[in-house]
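> structural data only, the sequence is not supplied:
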Ligand SMILES: Nc1ncnc2c1ncn2[C@@H]1O[C@H](COP(=O)(O)OP(=O)(O)OP(=O)(O)O)[C@@H](O)[C@H]1O
Ligand SMILES: [Mg+2]
C-alpha cells in the first residue's frame, strides 16, 4: 500500500522523514530530560531536609522512606484498590458528562433561541464553585458512589458544555457555504461539517473536563468516602500515618501526570489534521 | 438559450443595530449592494466580471449559486428560477474554503459524497482530477500541508468533481504569485476548452480578465449594476504569448477605461465613509 501511495519520487523523502523523526524524537527526549533535573533536585532537597533535621522527620518523612512506603502499599495491593476506586468514579462521571454535555452543547450552539433561554441558568450554575456544592451532593445522595459520581459529572460538565457551544458557534461560515454549494443535506451538514469543525474545541474541553474530574473526585473522597485516593490521604493524615499520606500524594501526582500526557496525546490524535504549531515554529 | 439570466437583481443587507451607511447622502441602516443587475450569460461562455472592491461581485455570485436570496429580481438557470443551491453549479470561493480535516483527495470527493456517488467511483473521479492538476503525489496531504497554489488547485478540482454545468469562480487566483497565477490561468483554459462549462469568473486583474474571457462584464461602484459588456475578440485556444499582442492591449484599454471611473467613485465612497467614521 505504502509503495503504491508514495511514488518512487517520494521514497527518498519518506526515508528522510523517517530519519528526521528519529532525530526529532531523540531531541525531544533530551529536551524532556532537561526538565528531569529540577525534579531530581526537588527530590534531593526533600531527602535532605528531614535527614539534616531541618524539618522534623515525623512531619516530613524522607523521600526514600516515602518511596519504600509507596512500594509496600503497591505490593500489598492496597493502593490499587484506592486508585481503582478513584478512577472508576471519575471515569463514570466523566463519561456521563460527555454523554449529556456534548449533545446539549450542540443544541445550545446551533439553536440561538435554545441558548437564549438556557444561558443565564447555565452561567449561574457554572460560576458556582463545584466544591461549595459538595455538601449538598453528600446530603442528598449520601456517602455511597452516587454522590461522588454526581459531583464529578457536575464538575466535568461545564468545560465540555462551554467548549462544545463555542466550537459549534465558531465553525467558519465559509465551510457551511462551501458544503451547501455542493448540495449537502442537513443531516450530513452536521455530520460532515459541524462535527469535525468543532472537534478541536470539544476535545480540548474534554481534556479540561477529565482533569477536573480527577481533581473533584479526590476532594469529594476527602470529605465523604470509604475508599479512593482522596479518602486514603485524608485517612492517613487523620491516623497520623504520615509516610502513607505522602505516598498517597505522590501517587496522585504521578496519576495526574500520566493523565495529562494521555490527554495531550489523545488531543493530538483527534486533531491530526491540524498543523502542529510546535513543528511550524521549531521546524 | 441563455444558460444564466439575471433580471434586475437587487440586494440590500440589513446592518446590525447601531451600524449605518451613507447611500448617496442618505444615512440608512440598510446597505444597497446590487441595484438591478441585468445579465445574460450564454451556454459554454467564459464570462469575467470586474468591478471595484465592494461593488457586490461576491454577493452576485452567491445569488447565482443560490446561497443568498436576492431582495428583488431573479436569477434563472436554464430558464428555471434559482431557489436554493443547485448541483448544476460549482463554486470556487474567494477564500479557498477547503475543509482542513479532509485531505486533498477527500476534499475533492466531498460534492460526490453529498450526491451519494459510490466510493470507488468517487475516488476514481477525484484521482483523475488530482492528476489533471499535477497533484497526484499529494492526494493524502491536509490543506495546511499544501502551498497556496496547491490549495487553490484542490479547490478548483473540488468544484469540478461533480461535473457542474456552471462554474462560479471568485478571485480564485488573487492570493497567488504572478508565475503561479499564469500557470493556473493556462491550466484553467486548457480544462475549460475540454469541458466548455459555463464559467463566471470574478477578478481584479484586467490582464487576467482579458486573457480568459469571451466577454468581460464591468460593474459600477456600489450599489453595483452591470455597466457594460465587452466582447474579447481574441482567438482561441489562447496561450501566454497572446498577452504581448496589440489586440490584447486594445482590449485591456477598453476594459480599463470603463473601470477607471468606477474605481475612483468607489474610492470617493470610501473617503466619505472614513469622514463619517471620524
Ligand atoms: N452579510 C453582509 N452584511 C452586510 N453587508 C454585506 C454583507 N455581505 C456583503 N456586504 C457588503 O456588500 C458589499 C459588496 O460585498 P462583496 O463581498 O460582494 O464585494 P466584492 O465586489 O466581492 O468586493 P471584493 O472585490 O473586495 O471581494 C460590501 O460593501 C459589503 O460590505
Ligand atoms: Mg469579493
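That came through fine. Just so it is clear, the structure is predicted and the values come from calculations on it, not from any experiment. Numbers count the residues shown, from 1 in each chain, chains lettered A, B, ... in the order given. Ligands and ions are numbered 1, 2, ... in the order given.

> show me the strands in the stretch 1-150 of chain B, by range?
Counting by DSSP state E, counting those that start in this stretch, one finds strands in the stretch 1-150 of chain B at the ranges B:2-14, B:21-23, B:26-28, B:30-42, B:46-50, B:72-77, B:80-81, B:89-92.

> can you put the ones you listed in a markdown table and add mean neighbour count?
(C-beta placed from N, C-alpha, C; glycine too.) Listed next are the strands of the stretch 1-150 of chain B as a markdown table, based on neighbours: other Cβ atoms under 10 Å in any protein chain shown:
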| stretch | mean neighbour count |
| --- | --- |
| strand B:2-14 | 18 |
| strand B:21-23 | 16 |
| strand B:26-28 | 10 |
| strand B:30-42 | 19 |
| strand B:46-50 | 26 |
| strand B:72-77 | 17 |
| strand B:80-81 | 10 |
| strand B:89-92 | 26 |
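
> and these, which one's lowest on average pLDDT?
For the strands of the stretch 1-150 of chain B, the stretch scoring lowest in mean pLDDT is strand B:21-23; its value is a mean of 72.

> domains in the chain, by residue range?
Since you didn't name a chain, this refers to chain A. Under automatic domain parsing, the residue ranges defining each domain of chain A are A:1-60, A:72-274.

> the chain in question should be chain B.
Taking automatic domain parsing as the domain assignment, the ranges for chain B are B:2-88+B:174-277, B:101-163.

> quick one, which of the strands of the stretch 1-150 of chain B is nearest to chain A?
strand B:89-92 (4.0 Å; Cβ to the nearest Cβ).

> what helices and strands are in contact with the closest one?
Using 3 or more Cβ pairs under 8 Å, 6 or more residues apart in numbering or on different chains; DSSP states H and E as the contact criterion, the elements in contact with strand B:89-92 are helix A:173-181, helix B:57-65, helix B:148-161, strand B:166-170.

> so what touches that strand?
Outside strand B:89-92, the residues within contact range by Cβ atoms under 8 Å, 6 or more residues apart in numbering or on different chains are A:178, A:181-182, B:61, B:64-67, B:77, B:111, B:152, B:155-156, B:159-160, B:162, B:164-170, B:172, B:197.

> could I get the full set of helices for chain B?
Using DSSP state H, the helices of chain B run over residues B:57-65, B:104-114, B:119-132, B:148-161, B:178-195, B:206-212, B:246-277.

> who wins for proximity to chain A among these?
If you check each of these against chain A by Cβ to the nearest Cβ, helix B:104-114 wins as the nearest, at 3.7 Å.

> that closest one and chain A in contact?
Yes. Looking at helix B:104-114 against chain A by Cβ under 8 Å from any Cβ of the partner chain, the contacts come from B:110, B:111, B:113, B:114.

> how about low-confidence regions in chain B?
B:23-24, B:270-278 (pLDDT under 70).

> and it, which residues reach ligand 1?
Proximity of chain B to ligand 1 is assessed by Cβ under 6 Å from any ligand atom, with B:13, B:31, B:33, B:51, B:53-59, B:94, B:222 identified as the residues in range.

> present those as CSV; the columns should include distance to residue B:19.
Below are the residues of chain B next to ligand 1 laid out as CSV (distance: Cβ to Cβ, whole Å):
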residue, distance to residue B:19
B:13, 10
B:31, 9
B:33, 14
B:51, 23
B:53, 19
B:54, 15
B:55, 19
B:56, 18
B:57, 22
B:58, 19
B:59, 17
B:94, 22
B:222, 16
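
> can you pick out the most distant pair from those residues?
In those, two members sit farther apart than any others by Cβ to Cβ. They are B:31 and B:94, at 18.7 Å.

> what number of residues lie near residue 134?
Went with chain A since none was named. Here the neighbour count serves as a burial measure; for residue A:134 (other Cβ atoms under 10 Å in any protein chain shown) it reads 21.

> oops, chain B please
Residue B:134 has 12 neighbours, counted by other Cβ under 10 Å.

> check the offset of stretch A:260-276 from the chain's centre.
Mean C-alpha position of stretch A:260-276 versus that of the full chain (Cα atoms, centre = their mean, to the nearest Å) differs by 12 Å.

> next, the buried residues of that stretch.
Of the residues in stretch A:260-276, those scored as buried under the neighbour-count criterion (16 or more other Cβ atoms under 10 Å in any protein chain shown) are A:263, A:270, A:271, A:273.

> would you list those residues in CSV and tack on pLDDT and distance to chain B?
Formatted as CSV, the entries for the buried residues of stretch A:260-276 read as follows, by pLDDT from 0 to 100; distance: Cβ to the nearest Cβ, whole Å:
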residue, pLDDT, distance to chain B
A:263, 89, 20
A:270, 87, 10
A:271, 87, 8
A:273, 88, 4
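
> can you lay out the residues you listed as CSV showing secondary structure?
What follows is these, written out as CSV (DSSP: H, G, I helix; E, B strand; the rest coil):
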residue, secondary structure
A:263, helix
A:270, helix
A:271, coil
A:273, coil
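
> now find how far off-centre the helix or strand hosting residue A:123 is within its chain.
When elements are assigned from DSSP states H and E, residue A:123 belongs to helix A:112-126. For helix A:112-126, the distance from its own C-alpha centre to the chain's C-alpha centre is 26 Å (Cα atoms, centre = their mean).

> mind listing the helices for the stretch 1-150 of chain A?
A:2-5, A:8-51, A:63-75, A:78-110, A:112-126, A:130-141, A:145-169 (DSSP state H, counting those that start in this stretch).

> what ranges do the helices span in the stretch 151-283 of chain A?
Using DSSP H, counting those that start in this stretch, the helices assigned to the stretch 151-283 of chain A run over residues A:173-181, A:186-189, A:195-223, A:229-238, A:242-270, A:277-282.
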